[in-house]
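Colleague: here are the coordinates; sequence isn't available:
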C-alpha cells in the first residue's frame, strides 16, 4: 500500500514541480526510467512470490539505473550509443514483460 | 545461446532468492516486518521512480511543442503583416506625391520644368509607378515528378542566374521598367539566391517568377527569345522541364520602388563641376 502511494506521490511531484533535467543527463533519462521500471516489476513479482526484500529492491533499483546509464554513456563515447540504448531497452523490456507475465499468473492464476 | 536463454527465463533478480534463502539463517535479526528505515528507503526509491518517469515524459513532450515554434511563427506573421501595412502606407503616400508636387511647382514655368525633370529622373530611378505596353515572362520550376523520394529535381529549379539573365536580356532589348513578382527593379536591385529561394532585394520570392517588363513588346519578346538567354532557357525547358512562358500585354502597370537609401551620395551643389577629371 505504502509503495503504491509513494509511486503516485512521485508522479504527482514530477507533474507539479516539473523538474528540469540537466542537458547532459537528458539522453540517459529514458534508459533510467526503463531500468527503474524493471526493478519495480521485479519487486512486485518478488512480493507476490513472498521473497521480497527491500534491501535487494533498493540496491537493484540503484544499480540498474546506474549501470544502464553507464552502458549508454560508454556507448556514446564509442559512437554506438543509439544501438546500445536499443539493446538496453530490449533486454529490460523482455524482463519487464516476463515479470509482468509472472505477476499476471500469480494474480489471476491464468 | 545460453546468454539469451538465461535472459529470457531468469527474469527475476536472483538476489531476491538468495536473500530469501539466507534470511532464516542465524544472522537474521531483521525478520519481517522490516525496520521502518528500510521501508522508508523503498518508498523513497518509488517516489524517485515516479519523479524520474514524469520528468522523462515531460521532457520528451516538451521537445515538440514547447510553444517556441508557435511563438516564432506568430511573430513572423505579425511582422509580415506590419511590413505589409507599412508598404501600403508608403504606397498611399507616394500616390499623394504627384498631386502635392503639382500644387507646389505647377504655378510657374520654372516650377513646371523642375517638375518635368523630376519626373524623368523618377522614371529612371524606378521610384514612380509606370504604365505601358510590354511583355510578361513567367519562369517556373519543373513540375514535381512521380518520384516520391525526390519530387523536385535540382536541375529543374529556376536559379537566381536565370532571373538575372532574363532581366538583363530584357533591359538589353529595350525594357524601360521591370518588376519581378511585383517587386520593382531598380539599378540597385540585387537578384540572388539563398539556398533554394531566390531573393530579390533580400525579399524571398517563391516560384512562379513573373517578370513584367514595360517597353516595345514585340522587340522585348524577340530580344529575349531570339537571344542567347532565350535559347538557353528553352533548352532548360526541354531538358529539365523548366517552365517558360512569354506573353505580350497591351497595358502593364508596375508599382514604384522604394526610394533608395543613399548613404554616401549627396546632390551636387549648383555651379560645381559635374564630373571633375
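Modeller: Thanks, I have the structure now. On a predicted model such as this, the values are computed, not experimentally measured, just so you know.
Colleague: what about residue A:98, neighbour count?
Modeller: Applying other CB atoms under 10 Å in any protein chain shown, we find 18 residues neighbouring residue A:98. To be clear about C-beta, it is placed using only N, CA and C from the backbone, and glycine gets the same treatment.
Colleague: quick one: contacts for it?
Modeller: Residues near residue A:98 by CB atoms under 8 Å, 6 or more residues apart in numbering or on different chains: B:8, B:11.
Colleague: can you check the one 4 residues further on too?
Modeller: By CB under 8 Å, 6+ apart, the contact list for residue A:102 reads A:45, A:48, A:49, B:11, B:12.
Colleague: so for the helix or strand harbouring it, what's the average pLDDT?
Modeller: Using DSSP states H and E, residue A:102 sits within helix A:81-108. Average pLDDT, helix A:81-108: 87.
Colleague: before we move on, the earlier item: same list (the contacts of residue A:102) but as TSV, adding pLDDT.
Modeller: Shown next, in TSV, are the contacts of residue A:102 (pLDDT from 0 to 100):
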residue	pLDDT
A:45	87
A:48	86
A:49	84
B:11	70
B:12	73
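Colleague: Give me the distance from stretch B:197-209 to the chain's centre.
Modeller: Remark: stretch B:197-209 is offset 7 Å from the chain centroid, using CA atoms, centre = their mean, to the nearest Å.
Colleague: buried stuff in it?
Modeller: Across stretch B:197-209, burial judged by 16 or more other CB atoms under 10 Å in any protein chain shown covers B:198, B:199, B:200, B:201, B:205, B:207, B:209.
Colleague: For the closest residue to residue A:53 other than its chain neighbours, give me its contacts.
Modeller: Using CB to CB, 6 or more residues apart in numbering or on different chains and skipping residues adjacent in sequence, the residue nearest residue A:53 is residue B:19, 4.4 Å away. Counting by CB under 8 Å, 6+ apart, residue B:19 makes contact with A:51, A:53, A:55, A:56.
Colleague: What strand or helix carries the spatially closest residue to the last one that is not a sequence neighbour?
Modeller: Okay, so that is residue A:56. Of all residues not flanking residue A:56 in the chain, residue B:15 sits nearest, at 4.4 Å (CB to CB, 6+ apart). Assigned by DSSP H and E, residue B:15 belongs to helix B:14-22.
Colleague: And the helix or strand following that helix, what's buried?
Modeller: Where DSSP H and E defines the elements, the next helix or strand beyond helix B:14-22 is helix B:36-64. Under the neighbour-count criterion of 16+ other CB under 10 Å, helix B:36-64 has B:38, B:41-43, B:45-59 buried.
Colleague: Need the residue closest to the centroid of chain B.
Modeller: Per CA atoms, centre = their mean, the C-alpha nearest to the average position across chain B is that of residue B:204, at 4.1 Å.
Colleague: Are we agreed that that residue is in a strand?
Modeller: Yes: under DSSP: H, G, I helix; E, B strand; the rest coil, residue B:204 sits within a strand.
Colleague: Could you report the pLDDT at residue B:274?
Modeller: If you check residue B:274, the pLDDT there is 56.
Colleague: Quick one: list the elements packing against the helix or strand harbouring residue B:91.
Modeller: Applying DSSP H and E as the criterion places residue B:91 in helix B:68-105. In this structure, helix B:68-105 packs against helix B:109-125, with contacts taken as 3 or more CB pairs under 8 Å, 6 or more residues apart in numbering or on different chains; DSSP states H and E.
Colleague: helices or strands next to the helix it packs on in the packing?
Modeller: Secondary-structure packing of helix B:109-125 (3+ CB pairs under 8 Å, 6+ apart): helix B:68-105.
Colleague: List the buried residues in the helix it packs on.
Modeller: Going by 16+ other CB under 10 Å, helix B:68-105 has these buried residues: B:94, B:105.
Colleague: Smallest gap between chain B and chain A, at which residue?
Modeller: Residue nearest to chain A within chain B: residue B:50 (2.0 Å; CB to the nearest CB).
Colleague: Quick one: mean pLDDT for stretch B:191-205?
Modeller: Per-region confidence: stretch B:191-205 scores 73 on mean pLDDT.
Colleague: roughly how far out does that stretch sit from the chain middle?
Modeller: On CA atoms, centre = their mean, the centre of stretch B:191-205 falls 7 Å from the chain's centre.
Colleague: Quick check: end-to-end length of it?
Modeller: Stretch B:191-205 has an end-to-end distance of 10 Å (CA to CA, to the nearest Å).
Colleague: neighbouring contacts of that stretch?
Modeller: B:157-160, B:163-164, B:167, B:180-181, B:183, B:185, B:189-190, B:206-207, B:209.
Colleague: Now name the helix or strand holding the nearest residue to residue B:168 once chain neighbours are set aside.
Modeller: Leaving aside its chain neighbours, residue B:168 sits nearest to residue B:229 (7.5 Å; criterion: CB to CB, 6+ apart). Assessed by DSSP H and E, residue B:229 sits inside helix B:228-240.
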